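Student: Take this sequence and fold it.
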Amino acid sequence: MAKFLPLKQAVAENLHDGDTVAFEGFTHLIPTAAAHEAIRQGFKDLTLVRMTPDLIYDQMIGMGMARKIVFSYAGNPGVGLLRRLRDAVENEYPHRLEIEEHSHAAMANAYEAGAAGLPCAVFRGYRGAGLAAVNPNIREVTCPFTGEVLAAVPALRPDVTFIHAQKANRRGDVLVEGIIGIQKEAVLAASRAVVTVEEVVEDFDDLHPNLTVLPAWTVTAIAVVPGGSHPSYAHGYYARDNAAYLEWDEIAADRERFRDWMQKNVTEADAGDFAARVEHLRKAA
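Tutor: Predicted coordinates:
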């Protein structure tokens, strides 16, 4: 059952060196505050899993936390490439990074297989694609009923998944609204799940069909972090900070500037300052 903990404690108790970890979010509700706390605590040798790595994985890779990344798209959304990721791949800075690239369909199916307790995901895909030539985890299986040749990839089963959501109630159930992405499946596939939320409420009112509720038994820990997905947005709370994404492209382009920014804004920053970062974005939500 979910425990309500300060973010620092929730991260320390559930993330360990060498873990396979997913910080999931699809444009929306990206768990930035949790990633920054992981950076402050200095974890190493992580396998980072996410469908769409963006700024937080660029930061974690640049800080030398990652051994491997499993993904289906990597970029600074709306801007361009991830410069710290590219530096790691091309120049092995700050050290060598192993990459395992998939399609979106493969990642989504792999999370669903992990959530279902299956060893692999089987789906139609990769026909005519070249990824199988560079990714040995893309295989083929023949359907025993039709004889059709299908793609297969290993199930994704993170040691721990981190997501951000709008609300938790006092029982520890979590409400996710808006663009869901693969957060639900990533939580259900993981051995442990940590959720940061905008607020805690008595109960969820005015429920509608387009929502996801993660019951308390699927969540290990909940931390209340208003603004915790900045610079991404939280549906109903604050808008996307487009200027921050543009700024990141310049910051990440230079190793020294990157290190200075990380020291000022992450490693030596107040862990609870996210609410202030989104104050000017709330009216635009």
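Student: Output the contacting helices and strands for the host helix or strand of Gln9.
Tutor: Using DSSP states H and E, Gln9 falls within helix 7-14. Contact partners of helix 7-14 among helices and strands, from 3 or more Cβ pairs under 8 Å, 6 or more residues apart in numbering; DSSP states H and E: helix 32-41, strand 192-201, strand 221-224. The C-beta positions use only the backbone N, C-alpha and C, and glycine is treated the same way.
Student: what about 10 Å?
Tutor: strand 3-4, helix 32-41, strand 160-169, strand 192-201, strand 221-224 (3 or more Cβ pairs under 10 Å, 6 or more residues apart in numbering; DSSP states H and E).
Student: closest to Asn135 out of those?
Tutor: strand 160-169 (22.2 Å; Cβ to Cβ).
Student: Note down every partner strand of the helix or strand just after that closest one and its orientation.
Tutor: Next in sequence after strand 160-169, counting helices and strands by DSSP H and E, comes strand 174-177. The pairing partners recorded for strand 174-177 under DSSP bridges are strand 160-169 (antiparallel), strand 211-214 (antiparallel).
Student: dump the residue contacts of the residue lying closest to Gln183 once chain neighbours are set aside.
Tutor: Excluding the flanking residues, the one nearest Gln183 by Cβ to Cβ, 6 or more residues apart in numbering is Ile163, at 4.5 Å. Contacts for Ile163 (Cβ atoms under 10 Å, 6 or more residues apart in numbering) come out as 22-25, 29-31, 34, 174, 176, 181-184, 186-187, 190, 193-197, 214, 219, 229.
Student: again, but for Pro158
Tutor: With Cβ under 10 Å, 6+ apart, Pro158 has these contacts: 19-24, 47-50, 70, 111, 114, 186-187, 189-193.
Student: change it to 6 Å
Tutor: 20-22, 49, 190 (Cβ atoms under 6 Å, 6 or more residues apart in numbering).
Student: Mind checking which of those land in strands?
Tutor: Of the contacts of Pro158, the ones assigned to strands by DSSP state E are 20-22, 49.
Student: out of the strands paired with strand 174-177, which comes closest to Gly42?
Tutor: Using Cβ to Cβ, the nearest of the strands paired with strand 174-177 to Gly42 is strand 160-169, at 16.2 Å.
Student: Compute the inter-axis angle for the closest one and strand 192-201.
Tutor: 20 degrees (axes from the mean of the first three to the mean of the last three Cα atoms, to 10 degrees).
Student: follow-up on the earlier one: dump the strands paired with strand 174-177 to TSV, plus mean pLDDT.
Tutor: Output for the strands paired with strand 174-177, formatted as TSV (pLDDT from 0 to 100):
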stretch	mean pLDDT
strand 160-169	97
strand 211-214	84
